[in-house]
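Student: Starting from these lines, generate the structure:
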Amino acid sequence: MKPDYTLYLVTDRRMLRGIGIEEAVEQAILGGATIVQLREKDVSSREFFNIAGSVKKITYKYGIPLIINDRLDIALAVDAAGLHVGQDDMPARVARRLLGQGKILGVSAGTVEEALQAEEDGADYIGVGTIFPTGTKKDTAQVGIRELRAITGAVKIPVVAIGGIKEENVEMLEGTGIKGVAVVSAIMAREDIRKATVALKEKLGFI
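Tutor: Predicted structure coming up:
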């Protein structure tokens, strides 16, 4: 069964308002999130492993794929559904070889050339961004909708847009050929995560 990339949640515990990561992920899934990426940057390997294990219990319960950001070792250790790597992380071709063929591999790309290389290296989907200005990643260049269209037209695998996407601007992505949107603060930073996810999902009828 192919993954549904429609509403791709990327976690950030620092944004949560008084609840744990497990509850946040569960509320997002109940609101309509179709895939979850666990992103942890400033924790020890042991802590990341423990968080991944507890989050996987939630995603497994609802049949939602869990993707681990960057850390192949954690993805393998908890038997996650897949791994996502950026341009500065482990090369996609190496990640694919170590991950195996039965797992999902996502690769970040900001140009047509990067996207085509990722596809050749064995990626299952491309994450393209940043699309709109965002405070989540301050060191990334804005890709924009024109380049996004060029990328979706160049590759045969699904493309997921990321970066500054929220309920107010998501409909600007209609007609770009994407198979999903990835969001962080539009869900994680909200007071009512489930309600925010439902509202965003309702705007994604064009996917």
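
Student: All the strands of the chain, in order from the start?
Tutor: With DSSP state E as the criterion, the chain has strands at 7-10, 35-38, 66-69, 82-85, 104-109, 125-128, 159-162, 180-183.

Student: okay if I get these as TSV plus distance to Ala118?
Tutor: In this view, the C-beta of every residue, glycine as well, is placed from N, C-alpha and C. Compiled in TSV, those are given as follows (distance: least, Cβ to Cβ, whole Å):
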stretch	distance to Ala118
strand 7-10	16
strand 35-38	16
strand 66-69	15
strand 82-85	9
strand 104-109	4
strand 125-128	6
strand 159-162	10
strand 180-183	15
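
Student: need those in a markdown table with mean neighbour count, distance to Glu168 and mean pLDDT, can you?
Tutor: Listed next are those as a markdown table, based on neighbours: other Cβ atoms under 10 Å; distance: least, Cβ to Cβ, whole Å; pLDDT from 0 to 100:
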| stretch | mean neighbour count | distance to Glu168 | mean pLDDT |
| --- | --- | --- | --- |
| strand 7-10 | 26 | 16 | 98 |
| strand 35-38 | 25 | 22 | 98 |
| strand 66-69 | 24 | 26 | 98 |
| strand 82-85 | 26 | 26 | 98 |
| strand 104-109 | 25 | 24 | 98 |
| strand 125-128 | 27 | 20 | 98 |
| strand 159-162 | 26 | 15 | 98 |
| strand 180-183 | 25 | 12 | 98 |
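
Student: who wins for proximity to Val170 among those?
Tutor: Nearest to Val170, of all these, is strand 180-183, at 6.0 Å by Cβ to Cβ.
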